[in-house]
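# Model the structure of this input:
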Amino acid sequence: MLDLDDSRRKPTQTQPPPCHFPSAMLRRTCIVLISLLSSVSAFAMPMQNITLHGQHPDPEALALEVQRRVNVSVARRQSQEVFLSDQSSSCLTGNPIDDCWRCDPNWEADRQRLADCGIGFGQYALGGKGGQIYVVTDSSDHDAVTPRPGTLRYAVIQSEPLWIVFATNMLIKLKEELIFNSYKTLDGRGANVHIVGGGCITLQYISNVIIHNIHIHQCVQSGETNVRSSPTHYGWRTLSDGDGISIFGSRDIWIDHCSLSHCKDGLIDVVMGSTGITISNNYFSHHDEVMLLGHSDTYVPDSGMQVTIAFNHFGESLVQRMPRCRRGYIHVVNNDFTRWEMYAIGGSGNPTINSQGNRYTAPTNPNAKEVTKRVDTEENKWRDWNWRSEGDILVNGAFFIASGETVEVLYEKAYSVEPKSAALIDQLTMNAGVFGGRRATTLEHGGQNKVVGEMDTVMTTTRRIC
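Numbering: from 1, shown residues only. Below is the predicted model:
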């Protein structure tokens with residue numbers, strides 16, 4: 001197992017957060033005020049940044065630490081292979097997240113160990129660590145204001161930390177957005193859990209959430225009704241976008257080992273001053289606009305957005321936005337991009353893109369070989385943006401256009417990332433998505449996306465972890 005060390009302790013802020021109030025109402029007011037002020041200052045001082053609560057003071061150092069932990073895990077796997085006559089018997093993969101907990105045959109007795117296994121900007125997400133185990137026994141979602149005990153909606157709105165698991169395989173058809181409260185872990189290990197329907201998952205003005213091993217697909221717009229967000233509050237929700245997971249004004253969030261596809265808008269959106277996010281080990285497929293990071297080019301708080309995207313598989317039938325970034329610092333590391341229709345990584349508003357050790361496989365279309373796209377921006381403006389490719393594998397004519405006059409200075413401290421072999425990329429991403437079984441959750445049916453077999457067929461097998 002991967003040993004923990006002091007590197008996972010949350011760093012001290014170099015500056016105090018602009019607002020930090022204990023109550024939910026004041027916290028909402030704080031974010032609204034930041035939004036209003038930033039809208040004004042965006043015109044007067046377009047380069048001004050705002051330090052967000054939870055923002056890492058040294059993103060370059062944290063990117064270095066991610067690579068160090070990958071190298072430690074890979075070296076451990078390689079050294080173990082020397083002593084094993086049957087290499088296939090090794091549980092270690094070189095993936096530092098999975099190797100942290102999966103090799104323990106009694107992992108189910110210590111589910112909350114998962115919270116110690118995160119990497120990157122979202123590694124400080126506690127989820128429901130230290131709280132009780134809450135078992136979801138009822139897959140229904142009949143009432144968004146007065147949810148029934150035993151349902152997923154009832155669990156995620158509670159005030160106290162909860163580690164939420166599932167009694168059996170479930171297909172949960174949401175009527176409205178599933179609005180989380182802080183300090184929750186959604187742990188689908190040991191069950192086959194699908195979340196579909198209205199709005200899907202909303203993380204708004206909260207912190208410390210882990211979502212692990214869940215299928216999320218067929219998410220559609222919902223709203224124009226009341227929805228409960230805590231035991232003491234419900235309110236009117238306007239029409240949602242239909243994202244798989246919407247992260248809005250939140251921090252310390254970790255999305256790991258989920259399979260996402262076929263949603264109305266984005267599969268994952270991170271906007272409105274969210275930071276401290278890790279998106280790892282997921283399988284994305286069958287979607288147009290995959291991932292949006294940042295609200296707008298002029299929304300100043302998103303300059304403090306920090307997102308790690310690691311060990312994901314960007315699979316079949318994806319078009320663009322893997323991710324599409326506005327402002328912020330985005331570390332894209334050891335992912336497998338298996339073709340896109342338009343581009344893989346796009347951006348505007350001067351985001352920092354640090355691409356390390358990924359495999360980019362271009363489509364056959366000769367006009368879509370470029371990995372990168374500067375969206376609606378002239379070259380004389382984007383040539384100074386810091387976009388860096390280091391140790392990436394470029395396949396089938398793929399090419400990455402780096403930029404930034406000072407890029408060598410900014411990255412001179414970066415750890416040397418040797419190009420990963422194709423076999424090692426396969427190894428690091430081999431378990432991307434929900435553990436076990438097929439990654440695909442849908443079939444094309446009469447021009448519409450239909451959940452495979454509905455409740456009676458999808459739920460026939462429990463996914464094994466090891």
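
# make it CA atoms for all contacts and neighbour counts henceforth
OK.

# ok, for G315, nearest residue in space, not its chain neighbours?
Distance criterion C-alpha to C-alpha, 6 or more residues apart in numbering; nearest residue to G315, sequence neighbours excluded, is S285 at 5.0 Å.

# Tell me what the one you found is bridged to.
Beta-bridge partners for S285, by DSSP bridges, are S261.

# What number of residues are in the vicinity of it?
For S285, the neighbour count with other C-alpha atoms under 10 Å is 23.

# can you give me the helices in the stretch 301-450 of the chain?
In the stretch 301-450 of the chain, the helices defined using DSSP state H, counting those that start in this stretch lie at 379-382, 407-410, 422-429.

# hmm, back to that, contacting residues for the residue nearest to G315?
Residues in contact with S285 (C-alpha atoms under 8 Å, 6 or more residues apart in numbering) are L260, S261, H262, F314, G315, E316, S317, L318, A440.

# Kindly provide the distance from it to D252.
To D252, S285 is 25 Å away according to C-alpha to C-alpha, to the nearest Å.

# Equivalent analysis for G122, please.
Using C-alpha to C-alpha, G122 is found at 5 Å from D252.

# Pull up the overlap in contacts between these two.
Residues touching both G122 and D252 (C-alpha under 8 Å, 6+ apart) are G276, I277.

# and the nearest residue to D138 once chain neighbours are set aside, how many residues sit next to it?
In space, and not counting its chain neighbours, D138 is closest to T151: 4.8 Å by C-alpha to C-alpha, 6+ apart. Other residues near T151 number 19, with proximity taken as other C-alpha under 10 Å.

# quick one: least confident helix or strand in this protein?
Lowest by mean pLDDT, DSSP states H and E among the helices and strands of the chain is strand 442-445, with a mean of 34.

# follow-up on the earlier one: how about the contacts of S285 in a markdown table, adding neighbour count, distance to D392 and pLDDT?
Shown next, in a markdown table, are these (neighbours: other C-alpha atoms under 10 Å; distance: C-alpha to C-alpha, whole Å; pLDDT from 0 to 100):
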| residue | neighbour count | distance to D392 | pLDDT |
| --- | --- | --- | --- |
| L260 | 31 | 24 | 97 |
| S261 | 26 | 26 | 97 |
| H262 | 25 | 28 | 94 |
| F314 | 23 | 15 | 97 |
| G315 | 19 | 18 | 95 |
| E316 | 16 | 20 | 95 |
| S317 | 16 | 22 | 95 |
| L318 | 24 | 20 | 97 |
| A440 | 18 | 27 | 44 |
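
# Out of these, which is nearest to D336?
The shortest approach to D336 among the contacts of S285 belongs to F314, at 6.1 Å (C-alpha to C-alpha).

# pretty sure the closest one is touching D336, no?
Yes. Using C-alpha atoms under 8 Å, F314 is in contact with D336, at 6.1 Å.

# and the residue nearest to D138, what is it in contact with?
Applying C-alpha under 8 Å, 6+ apart to T151 gives the contacts V136, T137, D138, S139, S140, D141.

# Ok, I206 next?
By C-alpha under 8 Å, 6+ apart, the neighbours of I206 are F180, N181, S182, G249, S250, R251.

# middle-most residue in the chain, spatially?
I279 (2.5 Å; C-alpha atoms, centre = their mean).

# Partner strands of the helix or strand where W163 lies, with direction?
For W163, the host element (DSSP states H and E) is strand 162-166. Strand pairing for strand 162-166, using DSSP bridges, gives strand 132-136 (parallel), strand 184-187 (parallel).

# Turn those into TSV, columns for mean neighbour count.
Converted to TSV, the strands paired with strand 162-166 look like this (neighbours: other C-alpha atoms under 10 Å):
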stretch	mean neighbour count
strand 132-136	17
strand 184-187	26
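
# for those strands, which one sits closest to G94?
strand 184-187 (22.4 Å).

# which strands and helices sit next to the very next helix or strand once past that closest one?
Per DSSP H and E, the first helix or strand lying C-terminal to strand 184-187 is strand 193-198. Secondary-structure packing of strand 193-198 (3 or more C-alpha pairs under 8 Å, 6 or more residues apart in numbering; DSSP states H and E): strand 170-174, strand 215-220.

# Comparing those strands, which comes out most buried?
strand 215-220 (a mean of 26; mean count of other C-alpha atoms under 10 Å).

# Could you check how many residues crowd around the residue lying closest to N365 once chain neighbours are set aside?
The shortest distance from N365 to any non-neighbouring residue, by C-alpha to C-alpha, 6+ apart, is to E341 (7.9 Å). Using other C-alpha under 10 Å, E341 is surrounded by 17 other residues.

# E341: what's it in contact with?
So E341 contacts S317, L318, V319, Q320, P363, N365, A368 (C-alpha under 8 Å, 6+ apart).

# Adding distance to D256, write those out as CSV.
Putting those into CSV (distance: C-alpha to C-alpha, whole Å) gives the following:
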residue, distance to D256
S317, 21
L318, 19
V319, 22
Q320, 21
P363, 27
N365, 31
A368, 29
